[in-house]
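Engineer: Coordinates for the following, if possible.
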Amino acid sequence: MKLYENDLQSRHLMRSFMALALLPNELIPDRFKLLTKKVHESPQAEQLRIFLVYFEKQWLKHFRPTIWSMCDSNWRTNNFAEAQNRRFFSRFVQPHPNL
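Structural biologist: Numbers count the residues shown, from 1 in each chain. Below you'll find the predicted structure:
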């Protein structure tokens, strides 16, 4: 997305949406409203609305914040899953076996 690459304010706003996952789930709806207001006030509002619609549809309506909020989670990466996959697939001679 060119807007993310070329406009510092838009990049900051989009990253703020991504950072919502680090908040306690009860704070997410209010912070989302605050960020939505900032989107509408932005000079790039028309382009940012596309992202806003996607985010709201995919991450607020499709999944509840209690599912994706990482605030109280001990796991913040998928390293555990990656390690499990590596141990599992290391038992095969071929790097990509046909299962």
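Engineer: Only C-alpha atoms from now on, for both contacts and neighbour counts.
Structural biologist: Fine.
Engineer: Report the mean confidence score over stretch 56-66.
Structural biologist: Taken as a whole, stretch 56-66 has an average pLDDT of 86.
Engineer: Quote the end-to-end distance of it.
Structural biologist: 15 Å (C-alpha to C-alpha, to the nearest Å).
Engineer: cool, and stretch 15-24?
Structural biologist: Span of stretch 15-24 from end to end, C-alpha to C-alpha: 17 Å.
Engineer: so how far is it off the chain centroid?
Structural biologist: 7 Å (C-alpha atoms, centre = their mean, to the nearest Å).
Engineer: which parts of that stretch are buried?
Structural biologist: Buried residues in stretch 15-24, counting neighbours by 16 or more other C-alpha atoms under 10 Å, are found at 17, 20-21, 23.
Engineer: how many neighbours does Lys38 have?
Structural biologist: 14 (other C-alpha atoms under 10 Å).
Engineer: Only the buried residues of the helix or strand hosting it, if you could.
Structural biologist: In the assignment (DSSP states H and E), Lys38 maps to helix 28-41. Buried residues in helix 28-41, defined by neighbour count with 16+ other C-alpha under 10 Å: 28, 32, 35-36, 39.
Engineer: if we can go back for a sec, would you format the buried residues of stretch 15-24 as TSV with pLDDT and distance to Leu60 included?
Structural biologist: Formatted as TSV, the buried residues of stretch 15-24 follow (pLDDT from 0 to 100; distance: C-alpha to C-alpha, whole Å):
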residue	pLDDT	distance to Leu60
Phe17	92	11
Leu20	93	11
Ala21	90	11
Leu23	92	14
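Engineer: List the residues that contact the nearest residue to Trp68 once chain neighbours are set aside.
Structural biologist: Leaving aside its sequence neighbours, Trp68 sits nearest to Ala21 (C-alpha to C-alpha, 6 or more residues apart in numbering; 6.1 Å). Ala21 sits next to 28, 65, 68-71 when contact means C-alpha atoms under 8 Å, 6 or more residues apart in numbering.
Engineer: what's the distance between Ala21 and Asn6?
Structural biologist: Distance of Ala21 to Asn6, given as C-alpha to C-alpha: 24 Å.
Engineer: what's the answer for Leu27, then?
Structural biologist: Note on Leu27: its distance to Asn6, by C-alpha to C-alpha, is 30 Å.
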